[in-house]
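Asker: Next come a sequence and a model predicted from it.
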Amino acid sequence: MNKRDIVIIIFGLIILVAIIFISYFLPEKASNGEIIVLTDKQEYSPGDNLKVKIGNDTEDDICFSTCYPYFIERKEDQWITYKYKQCLEEDKVDSCVNAREVKAFELDLSSIGKGFHRLVIQACVGCKTHELFTKEKELISNQFIIK
């Protein structure tokens, strides 16, 4: 064996070890993914529409309620949830964000006052549409301001 053959064998072994290392640790990292809720802007004017993206980097689908898929909170001394009318229909699972996917929604801000706000989204994990909704997670967006 000459030097060139030894270098090729060593290089091949390094690549093989790297592939084994990545394939061993990557699934572990992916299963501990996060759910991220981000608005399209940090600042809105009254009457603007807010676009929110929900990124589901987990192994499970996450789904939302038909009654109140989200709540808007305003910052005072602490976070205060706006008052919502009681939902008169049965609270079921509505839309979902599949595992490892991103979904976007648009919300009307015309009835929301000025100040600092955030979204609080209630979700269930691994549930199916049209089942009764049971909150298992509370997802909180970044803060945004309405001027």
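Answerer: Here it is on my side, so go on.
Asker: What segments of the protein are helices?
Answerer: Using DSSP state H, the helices found in the chain span residues 3-31.
Asker: need the strands for it, in chain order.
Answerer: With DSSP state E applied, the chain shows strands at 35-39, 43-44, 49-56, 62-65, 71-75, 79-81, 93-97, 101-108, 115-125, 137-140, 144-146, listed in chain order.
Asker: and the first one, what other elements does it pack with?
Answerer: Packing partners of strand 35-39 (3 or more C-beta pairs under 8 Å, 6 or more residues apart in numbering; DSSP states H and E): strand 49-56, strand 115-125, strand 137-140. Every C-beta, even on glycine, is put in place using the N, C-alpha and C of the backbone.
Asker: Among the ones you listed, which comes closest to Lys75?
Answerer: For Lys75, the closest of the helices and strands packed on strand 35-39 is strand 115-125, at 3.9 Å, according to C-beta to C-beta.
Asker: Quick one: residues in contact with that closest one.
Answerer: Contacts to strand 115-125, defined as C-beta atoms under 8 Å, 6 or more residues apart in numbering, come from residues 35, 37, 39, 52, 54, 58, 60-65, 68-75, 79, 81, 93, 107, 133-146.
Asker: still on that earlier bit, and the strands of the chain, which is most packed in?
Answerer: Burial of these is given as mean neighbour count (mean count of other C-beta atoms under 10 Å); strand 62-65 ranks first at a mean of 23.
Asker: which intervals of this protein have sub-threshold pLDDT?
Answerer: The model of the chain has pLDDT under 70 over residues 7, 11-13, 16-32.
Asker: rerun at 90
Answerer: Per-residue confidence for the chain (pLDDT under 90) gives these ranges: 1-33, 46-47, 68, 84, 94, 111.
Asker: returning to that earlier point: could you export the strands of the chain as JSON lines, including distance to Met1?
Answerer: As requested, the strands of the chain are arranged in JSON lines below (distance: least, C-beta to C-beta, whole Å):
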{"stretch": "strand 35-39", "distance to Met1": "52"}
{"stretch": "strand 43-44", "distance to Met1": "66"}
{"stretch": "strand 49-56", "distance to Met1": "51"}
{"stretch": "strand 62-65", "distance to Met1": "56"}
{"stretch": "strand 71-75", "distance to Met1": "69"}
{"stretch": "strand 79-81", "distance to Met1": "69"}
{"stretch": "strand 93-97", "distance to Met1": "55"}
{"stretch": "strand 101-108", "distance to Met1": "50"}
{"stretch": "strand 115-125", "distance to Met1": "56"}
{"stretch": "strand 137-140", "distance to Met1": "58"}
{"stretch": "strand 144-146", "distance to Met1": "65"}
